[in-house]
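J.: Predicted model and sequence below, questions to follow.
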Amino acid sequence: MTGNHALIFGASGITGWAIVNQLLKGYPSPNDFSRITALTNRPLKHEETLWPKSDKLLLTTANLMHDGGQAGLEKDLKEKVKDIDTVSHVFFFECEINVTLIDRAVKTIENLSKNLTFVVLPTGTKAYGVHLIEKFPFPEQLPMAESLPRIPEPYASEMFYYDQLDYLTKASKGKSWSWCEVIPDVIIGFVPNNNIYCLPQILGLYLSLYRYHNGKDAEVAFPGTSESWKILSNDSPQDQIACFSIYASLNPKKCGDGQRFNTAVSEPSSWSEKWPVICSYFGLKGVAPPAGGSGPQPTQYLEENASEWQKVEEKYKLVKGRVGNQRTFGGFPYFIMTMFNFDRHLDMSKFNEVWSDKEQLSTTFKDAWYTAFDRFKSAGIIPQF
């Protein structure tokens, strides 16, 4: 046993969950980490997580926005994590963590542990400006490589990722620890809680209800447009992001010094390829959007049929509260499946060159989506038809 101690901020999120899961399953080997501390903002019961049971794991809450500031956070972690002084690898997977909170967390861990070796920070393709839609700055430089410059002003000053990266560059200078940036696109995976940015959760609920209403082999039109139906992108499976993040943290000479890594499946695909495959999981036939229009919007469909979903919950004894609540967000799937109507695929050559373990994982979009749906079924969130 190495004595390595992994600390995961945002452990109930779509990638933080996967990092804990892969560590508990012994990736890359069972002896690489002796302690795993999973931190969540809100209390989470282990039985809700689908994680393997292990004496290595401590699951507890921690709030980076602690009212007592850094001193309060340090006191909280010392009380809850008795071996906090052994933390060696930190994974920051809080949702949109800002530079103030990263500063607080890094200084806290530096103060409490002299063993800090590596920090992993996720950003995303917003760093390439994909969220700017029609003002996307790199349409002529596809696939997008890590060597692309920062997006132009005035947008660069609004990009919170850059402040995080600049902070870690400065904070790690002359220190014994190093760090890297992982850059996924849309993350495909499972979450145990109700996550408004988890596309498989939204589509899993929607397509389950659509199947309940319309029966096996019913056609379901793509919710986007004929333009977004054809665009190329690379899905980012949560297990792949997690395993690469762990691998990178254990290989600082290959992956450290603030290096950037696109993290996704190697081959880009379009919704015209993915939608029929996704719908097939539910016994449905996914078809193109109607000319000049789109299929039903998933969250709108769920909201309009919330009473019907309650019948599904009762019939299949599902976890309640996933539809028609304050964490239902209609804008996210629309943004991903409609507004993204331009190619934004990634150059995966650096990732494939560096990660020698990549062949251990299935890395097709079908594997990613079906694994996520299987996990939602196992958690009692979508039904077994």
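T.: Everything's here; your move.
J.: measure Asn262 to Val87 for me?
T.: Using Cβ to Cβ, to the nearest Å, we find Asn262 at a distance of 28 Å from Val87. In this view, the C-beta of every residue, glycine as well, is placed from N, C-alpha and C.
J.: Would you tell me which helix is longest in the chain?
T.: Ranked by residue count under DSSP state H, the longest helix found in the chain is helix 199-214.
J.: in this protein, which spans are helices?
T.: Assignment of helices within the chain using DSSP H yields the ranges 16-24, 69-80, 99-112, 160-172, 199-214, 238-250, 252-255, 271-280, 298-304, 306-316, 331-334, 349-354, 365-378.
J.: So for the fifth one, what gets flagged as buried?
T.: Of all the residues in helix 199-214, those buried under the rule 16 or more other Cβ atoms under 10 Å are 199-212.
J.: how far off helix 365-378 does that helix point, in degrees?
T.: Angle, helix 199-214 to helix 365-378, by axes from the mean of the first three to the mean of the last three Cα atoms, to 10 degrees: 70 degrees.
J.: what's helix 199-214 packed up against?
T.: Contacting helix 199-214 under the criterion 3 or more Cβ pairs under 8 Å, 6 or more residues apart in numbering; DSSP states H and E are the following elements: strand 219-221, helix 271-280, helix 298-304, helix 306-316, helix 331-334, helix 365-378.
J.: Dump these into JSON lines; add distance to Glu146, mean pLDDT and mean neighbour count as well.
T.: Formatted as JSON lines, the entries for the helices and strands packed on helix 199-214 read as follows, by distance: least, Cβ to Cβ, whole Å; pLDDT from 0 to 100; neighbours: other Cβ atoms under 10 Å:
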{"stretch": "strand 219-221", "distance to Glu146": "36", "mean pLDDT": "98", "mean neighbour count": "16"}
{"stretch": "helix 271-280", "distance to Glu146": "25", "mean pLDDT": "98", "mean neighbour count": "19"}
{"stretch": "helix 298-304", "distance to Glu146": "32", "mean pLDDT": "93", "mean neighbour count": "18"}
{"stretch": "helix 306-316", "distance to Glu146": "42", "mean pLDDT": "95", "mean neighbour count": "14"}
{"stretch": "helix 331-334", "distance to Glu146": "26", "mean pLDDT": "91", "mean neighbour count": "16"}
{"stretch": "helix 365-378", "distance to Glu146": "21", "mean pLDDT": "97", "mean neighbour count": "20"}
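J.: Who are the contact partners of Ile382?
T.: Contacts here follow Cβ atoms under 8 Å, 6 or more residues apart in numbering; on that basis Ile382 touches Gly204, Leu205, Ser208, Leu318, Phe373, Phe376.
J.: for Ser178, same thing?
T.: By Cβ under 8 Å, 6+ apart, the contact set of Ser178 is Thr117, Phe118, Val119, Ser172, Pro252, Gly256, Asp257, Gly258.
J.: could you flag which of those are buried?
T.: Using 16+ other Cβ under 10 Å as the burial test, these include Thr117, Phe118, Val119, Ser172, Pro252, Gly256, Gly258 as buried.
J.: Kindly indicate which of those residues lies nearest Ser270.
T.: Gly258 (32.9 Å; Cβ to Cβ).
J.: Nearest spatial neighbour of that closest one, chain-adjacent residues omitted?
T.: Counting by Cβ to Cβ, 6 or more residues apart in numbering, the nearest residue to Gly258 once its immediate chain neighbours are dropped is Thr169, at 5.5 Å.
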